[in-house]
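Participant: sequence plus the predicted model coming up.
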Amino acid sequence: MSLTLQQRLARIDVRVEELGFWRERETVAVDGWQFNGAPIAMGGFWPKKDGTVTFDAAAAIPDHWSLEDTRLLIDVGGESLITLTPEGDGAEKRFGLDPFHQEFPVPGRRFRIHVDAVARLPFGEPVREPRLTRAHLAWIDQPVHELALLLRQVSEASHSLGDHEVVPHLITAAEQTFAALDWPSATQDYVARTAPQHGQQKIWQLPPLKANPEGLRQDHRASVQRALNDLRDRLKGLKARYPQQGNLGITGHAHIDLAWLWPYDETRRKARRTFNTALRLMERFPDFVFNQSTAAYYAQIEEDDPALFKEIQAAVKSGQWETIGGMWVEPDTNMPTGESFVRQILYGQRYFEEKFGVRHRVCWLPDCFGFSPALPQLLQQGGMDSFFTIKVNWSETNKFPHDLFQWEGLDGSRVLAHTFDNPVRGYNGSTEPEAILGTWGNFRGKAIHDESLLAVGYGDGGGGVTPEMLERQAQLADFPAVPSLKPVRVEDVFARMHAVPASEVPVWQGEIYLELHRATLTTQSHTKRLHRHAERALITAETVASLANLLGGARPESLENAWRKVLKNEFHDILPGSGIREIYEDAERELGEALATGLAAQKDGLAALVGRLPKGDARNALVVVNPDLHGRPVRVEVDGKPIALDATVPALGISVIGDENLAPTAGLSVSKQKLENSLIRVTLNPDGTLASLYDKRNGREALAGRGNQLWVYPMDKPRNWDAWDLEDDYAAHGLELTSFESFEVVEDTPHRAAIRIVRKFRDSTITQTLQLWANAPRLDIKTDLDWHDRRVLLRTQTPVDVRSDFATFECAFGVVRRSTHNNTSWDEARFEVPAHRFADLSEPGFGVALLNNGKYGHSIKGNLLGLSLLRAPIYPDPLADEGEQSFVYSLMPHAGSWNEGGVREEALDLNQPLLATRASNVATGTQAPIAVSGIAAGLGGLKASEDGNALVLRVYEPAGGRGRFEIVPKDGWLLSGPVNILEEAVDRAAGPDLKPFEVRSWLLKQR
């Protein structure tokens, strides 16, 4: 009878399964277990399952067993670190123990076993009833093991190769192998050995099973070895006839989310487990190469396990361990400011150089939810000319067109980018035929380069590579028609890719927008706002301390430790809001500490500045410090009281204003229906929405309908990824909040006026205070939420009287322009997009901006400005954004474009007000430790240099312009440089002092 190829494969699969039942020649139970020092029986439930618990036992290997072929097979019921300590001489060995790593080589004939365990699985799932499930020693019949795996790979390759003409030959080779086996059949041994088979397990009642069934006899084993050798020879023959196609560089990897479905303390344990596993694999497989990013992990290992850290250093030196990535963590790249990216690279590269003597060229970000166009320039300045991710493959609507390409950033800088599309677990890949054939088949860049990358190893929750993955890789070296596999260093792969002429490599310009996970711009918004404020507090603290230094004060102290807290919490499952509740308790505590450090340092820096001011007769004068690169109107709060003056504080300047000059800007008035100053007039509807936002300077109404509408969307229930996703139909069922609990004037001073409106939605309260400063061109809408509803999205939207086919959104160190229409599927997919401090819609001569001090999820379609204020998912945190939080967003009409109309400057003022204090015995007037002139620029940072010998001034061109930019420091200081973001001298081609979106840094040194 003639069978189809699929039927023949099914027959092979059944026989391969049976072959595996004879893999263990003999077994010996490991008993006498102790749980936290007390006896526990095999199969027993854990007496305690909270926190970390311990298991201990001793094991002895029978004298006639081969030590090399002996394995410990163990499952204690949770994720663990296992330590095997031999009697007498010999080093102890540590491994990670999890569902994918449960078999370990033994360190000697007698050894002790110690296990530190948690009742969790790798993705944080609790083990509800953890048990000591299995613990035994096994004498492995190595030829059986190898033959079973090899035959499994023949079958898997045949399935994956589909209609390739080599498939019938592979199937025949497997059938010939089985025909050559001399196999046992004694009833008691056979039934006991095959009892685990799926079909046998369905039998009503199995007969009594022999306790320790015999393994293969020596003649059986000889037939296995002959069959194994013959199959290898047949595969080599087929390989000669059907050569391997393509090249995959295999890098061992273990993606470890710094915190996600488990708290950070568990991550510290995961890293120790995973790294020990990787080191032990290097001992067994000398060609194995493992890569691991994230300076923060190495820093925590250095602290938690110094001996392990030294082993890693040695493996890095030998070349088997590749540190990679060049950043402190793998951060989200939509929300951090440009200076945060600088510090990720600066502190990451410095750490890797100090501890491992390496500087990285490849930015390794496999799992982030879209990529800022600021990155290529910063990567280049940080020594990285290459970029890796695979997340672009997750877009649901449009397929990203390249997998080997040049990524061009805002300023024109380019890095070589590569992504692979592995159909089997993505960046947590493996070496089975389906993965390698699928990855190579999906590689579109093969037309210009003959090698792609594949990262293998269990990840997200860590764990990493298994021995089987490396055994499979070795076996596949003899296979026909599959890609060639070889262990590689990632940086070497990219070096070979760089050899491709640039003219042959396609270019992708600008942001890489992920058409998925859009809700990560809003979820856990309280944490996002804390992060925004902590970033800004540290940048400002460094700036103020540096200004004091320029005036003769002490050198600024490093705030790196506080920065590390901020950078850690930029991790791509913390800042995006996609983690469990415990993460946000930790994150908000740490970000609160960083914020407090920044504010305290600002206070100290302000005091130092006051101490360096010229003496004079002014008493109780107002001292105002401008921590930015453009002049700012005086708009401050001192002792809880607002002050809004006609005076302007110069860029990076200090103004001392006497009491006699504190008269407010004229023209501010308020009633229950209106807020007005000399710049704008705001009229309210009876329901509290804006009836009018009139720009008095331009004689122009800004609104095309009711402004500041508040909408709730109770159908914010994504089909997948609750905390991550916002469905495109969320607006199909929206409710506008038009009723209110109260509506009253709450502030009426010459400096600032305000109206408060309190609204209810079900169990939640929204309090909005509409504030107008006497000298402000914007309406601030301070929003206080007391939120107690689930799976509801809260948004504000404002229709404006502006027409444009694009809108402008601030990003790190620049802006992104996006369409306001849905002409294409690419336009339509951008229904929720990231922005930092502002989004703007302008037509020639006029525009309206939407500013904020802690939000990121925006939309501008047609003439409707939208901002997402809060989400309330239930997975993985059932209480995300429950309770109280506060933030401010603003509406600002302006003349000209956003850049001409001062939008960025007002957005900065909203996020970082001028610093102010009172002082006596000082002279009134203005101090300018640094004078800047020329094209408008943004301040990246002003900080102490890492070597302690200078200050570093970093600026950026924010709008795509170019021109002269001059810096003149105070007498006694000179401008030196330029330097890159690693604070190393660089050459720069002649041309304008600032080019479009260019980031430049200089040293300021004392003469």
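Facilitator: Perfect, thanks for sending it. Residues are numbered from 1 along each chain as shown.
Participant: show the average pLDDT along stretch 960-971.
Facilitator: Summarised as a single mean, pLDDT over stretch 960-971 is 95.
Participant: so which helix or strand takes in H159?
Facilitator: Using DSSP states H and E, H159 falls within helix 142-161.
Participant: now find how far off-centre that helix is within its chain.
Facilitator: Its chain's C-alpha centre lies 37 Å from the corresponding centre of helix 142-161 when counted by C-alpha atoms, centre = their mean, to the nearest Å.
Participant: return the set of buried residues in the lengthiest strand in the chain.
Facilitator: Ranked by residue count and defined by DSSP state E, the top strand of the chain is strand 883-895. Under the neighbour-count criterion of 16 or more other C-beta atoms under 10 Å, strand 883-895 has 885, 887-895 buried. (Each C-beta comes from the backbone N, C-alpha and C, glycine too.)
Participant: mind listing residues that contact the helix holding H159?
Facilitator: Under the criterion C-beta atoms under 8 Å, 6 or more residues apart in numbering, residues 5, 9, 12-13, 15-16, 19-20, 22-23, 69, 167, 170-171, 173-174, 177-178, 216, 221, 224-225, 227-228, 231-232, 235, 432-434, 437-438, 468, 471-472, 475-476, 479, 481-482 lie in contact with helix 142-161.
Participant: quick revisit: just checking: what are the partner strands of the longest strand of the chain?
Facilitator: strand 779-787 (antiparallel), strand 846-852 (antiparallel) (DSSP bridges).
Participant: which strands and helices lie in contact with the helix or strand following the shortest one?
Facilitator: Toward the C-terminus, strand 846-852 is succeeded by strand 857-861 as the next helix or strand (DSSP H and E). When contacts are defined as 3 or more C-beta pairs under 8 Å, 6 or more residues apart in numbering; DSSP states H and E, strand 857-861 packs onto strand 806-811, strand 833-834, strand 838-843, strand 864-870.
Participant: who touches the longest one?
Facilitator: Just to be clear, that refers to strand 864-870. Contacts of strand 864-870 (C-beta under 8 Å, 6+ apart): 521-522, 525, 726, 783, 785, 787, 793-800, 832, 839, 841, 848, 850, 852, 855, 857-860, 881, 885, 887, 889, 891.
Participant: in helices, which of the contacts of helix 142-161 appear?
Facilitator: If you go by DSSP state H, the contacts of helix 142-161 have 5, 9, 12-13, 15-16, 19-20, 167, 170-171, 173-174, 177-178, 221, 224-225, 227-228, 231-232, 235, 433-434, 437-438, 468, 471-472, 475-476 in helices.
Participant: that older thread, point out the most buried one among the strands paired with strand 883-895.
Facilitator: Highest mean neighbour count of the strands paired with strand 883-895: strand 846-852, a mean of 27 (counted as mean count of other C-beta atoms under 10 Å).
Participant: what angle sits between the helix holding H159 and helix 467-476?
Facilitator: Between helix 142-161 and helix 467-476, the angle formed by their directions is 70 degrees, by axes from the mean of the first three to the mean of the last three C-alpha atoms, to 10 degrees.
Participant: between helix 142-161 and helix 167-179, how big is the angle?
Facilitator: For helix 142-161 against helix 167-179, the angle by the same axes, to 10 degrees is 160 degrees.
Participant: list the buried ones in helix 142-161?
Facilitator: When burial is assessed from 16+ other C-beta under 10 Å, helix 142-161 yields the following buried residues: 142-161.
Participant: then stretch 88-99?
Facilitator: For stretch 88-99, a neighbour-count test (16+ other C-beta under 10 Å) marks 93-98 as buried.
Participant: before we move on, what about stretch 700-717?
Facilitator: By 16+ other C-beta under 10 Å, the buried positions in stretch 700-717 come out as 700, 702-704, 706-714, 716-717.
Participant: ok, stretch 892-905 next?
Facilitator: Across stretch 892-905, burial judged by 16+ other C-beta under 10 Å covers 892-899, 901-905.
Participant: what does it contact?
Facilitator: Under the contact criterion C-beta under 8 Å, 6+ apart, stretch 892-905 has outside partners 628, 630, 632, 680, 693-695, 697-698, 700, 702, 777-779, 808, 810, 815, 837-838, 840, 842, 845-851, 906, 936, 938, 958-959, 961.
Participant: for the stretch 351-500 of the chain, what are the low-confidence residue spans?
Facilitator: Judged by pLDDT under 70, the stretch 351-500 of the chain has no weakly predicted residues.
Participant: now the strands for it?
Facilitator: Using DSSP state E, counting those that start in this stretch, the strands of the stretch 351-500 of the chain run over 362-364, 386-388, 404-408, 414-418, 452-456, 484-487.
Participant: and D763, what does it touch?
Facilitator: Residues 788-789 are the ones in contact with D763 under the rule C-beta under 8 Å, 6+ apart.
Participant: now do it against E882, distance only.
Facilitator: With distances taken as C-beta to C-beta, to the nearest Å, D763 is found 10 Å from E882.
Participant: now V76
Facilitator: From V76 to E882 the distance is 36 Å (C-beta to C-beta).
Participant: these two: which is more packed in?
Facilitator: V76 (27 against 17; other C-beta atoms under 10 Å).
Participant: from what I can see the more buried one touches T133, true?
Facilitator: Yes. V76 lies in contact with T133 (C-beta atoms under 8 Å); the separation is 7.3 Å.
Participant: of the contacts of stretch 892-905, which qualify as buried by neighbour count?
Facilitator: Buried subset of these (neighbour count, 16+ other C-beta under 10 Å): 628, 630, 632, 680, 693-695, 698, 700, 702, 777-779, 808, 810, 815, 837-838, 840, 842, 846-851, 906, 936, 938, 958-959.
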